[in-house]
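Q: Generate a structure from the sequence data that follows.
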Amino acid sequence: MKRIIICAAIKFPRGSAASNYLQYFSMALIESGYEVILLAEYNENENQYYNSFINKFQGKFSLININTPRKTLANKISYHLIYGIKYVKVLKKVIRKDDSIIIYSDIMNFISPIIKFAHKNNLKVGNIIVEWYERKYLKNPIRYFLYKKSFKLREQADIIFPISTFIERHFKEKGCNTFVLPILSDPYEYERFPKPSYDKINIVYPGNGLIKDSFLNMINAIEHLNSEQLAKLNFHIKGVKKQDIINKIGLKRFERISPSLIFYGWMNYDELVELYRKSHYLLLAREICHLTKANFPSKVPEVMCHGVVPIASEVGDYTQFYLRDGENAIIMKGNSTEVIKDAIIRCLNIPYDKYNTMSNNAYNLVCNKLSYKVWGNKLKNVLNHI
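A: Residues are numbered from 1 along each chain as shown. From the prediction side, this is the model:
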């Protein structure tokens, strides 16, 4: 059995979109007949889940724990400057001549030594790219300079796995070998339950409210609902603190909508699944810009595995190739407060039977198009032709 070694300075399993991306990518690789070795930091908070995962893929998946602390300034400097070398030292101990290496990182000094090691040993090397930041998002000029160099450096990989067609176009123009790989899912991992009745419509937002998501516009849209409409919904917020919203809109405005807002702190993944099971819709408003066109939000297929119907702004591959308005999603033309408010009101007026059809369609979409099982053969064909 051929092996693929993935190098990623992340915690595994769970805990981040990066971890979930690599988990489902690994499962697709296993489905295509590869053994996967992941070099990453072990997430001790998910010990039970990890043991279950290892047992499921015994002999086909293994994790080599490499600690990557980033709490102190010294840790951060070390992470940016020498962790790639640290990974190469591990690679030297485990590598075989027919192995392939895949890198998940945007740090130049992480990518560079691993690519050099792969080429020196005549090994195929790939690079996963899930973001494409503009200058305004990387305000430190040194950080931006290094990021641009890392983007250029990725052209040296034998294959690039961009998360979107927007990123792919850039690298195709550079003559690179590419294969678009969106965030995948495992719709069979958890049992599906019927959605709760429409006594209250549950809308969930599981994000941090930063950069890509127009979170304040979502809050403003809810504020613009009348009292009767507000009484019909609960907005479940995981990742944004109550005080942060109060600081943005003021206490008086917050108090009017607070009965409809439910806040969550840290949750283990099983608790998050319970939240998705009782949620009817995901609300994800985004502006159309370079960053959002390049991205494919992990929360979209993640919630659809539980029959949650996305309410999403029309931007990126997920709305172009996967979501269909009125069929498995509610698509918004923009991200303004008024557009979001209208989408929410539309949801409030959808009959329960119609909603259940959309919920089933959302689940079937991930089963048929975004499940790791579907992508196994696609990856096998691509990797066999590098």
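Q: What are the boundaries of the strands in the chain?
A: Along the chain, the stretches classed as strands by DSSP state E are 3-12, 35-42, 61-65, 100-104, 124-129, 159-162, 201-205, 233-238, 261-264, 281-284, 309-313, 330-332.
Q: can you tell me which of these comes nearest to Leu365?
A: strand 309-313 (10.0 Å; CB to CB). In short, each C-beta sits where N, CA and C put it, glycine included.
Q: Run through who's touching that closest one.
A: Outside strand 309-313, the residues that touch it by CB atoms under 8 Å, 6 or more residues apart in numbering are 203, 214, 280-288, 292, 300, 303-304, 318-319, 323, 328-335, 339-340, 343-344, 347, 355, 358-359, 362.
Q: Buried ones in it, by neighbour count?
A: Residues 309-313 are the ones in strand 309-313 that count as buried (16 or more other CB atoms under 10 Å).
Q: low-scoring pLDDT stretches of the stretch 51-200 of the chain, where are they?
A: 79-80 (pLDDT under 70).
Q: can you pull out the helices in it?
A: 73-81, 83-94, 108-120, 141-153, 165-173 (DSSP state H, counting those that start in this stretch).
Q: Run through the neighbouring helices and strands of the third one.
A: Helix 108-120 makes packing contacts with strand 3-12, helix 73-81, helix 83-94, strand 100-104, strand 124-129, helix 141-153 when contacts are defined by 3 or more CB pairs under 8 Å, 6 or more residues apart in numbering; DSSP states H and E.
Q: So which of the ones you listed is the most surrounded?
A: Across the helices and strands packed on helix 108-120, the average number of neighbours (mean count of other CB atoms under 10 Å) peaks for strand 100-104, which reaches a mean of 25.
Q: The helices of the stretch 51-200 of the chain into a markdown table, with extra columns for distance to Leu230?
A: Shown next, in a markdown table, are those (distance: least, CB to CB, whole Å):
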| stretch | distance to Leu230 |
| --- | --- |
| helix 73-81 | 43 |
| helix 83-94 | 48 |
| helix 108-120 | 47 |
| helix 141-153 | 42 |
| helix 165-173 | 37 |
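Q: And these: which comes nearest Ser371?
A: Among these, helix 165-173 comes nearest to Ser371, with 19.9 Å by CB to CB.
Q: Report the distance from the closest one to the chain centre.
A: Averaging C-alpha coordinates over helix 165-173 and over its chain gives two centres that are 19 Å apart (CA atoms, centre = their mean, to the nearest Å).
Q: For it, which helices and strands make contact with it?
A: By 3+ CB pairs under 8 Å, 6+ apart, helix 165-173 packs against strand 159-162, helix 290-294.
Q: Val366: neighbour count?
A: Neighbourhood size, Val366 [other CB atoms under 10 Å]: 25.
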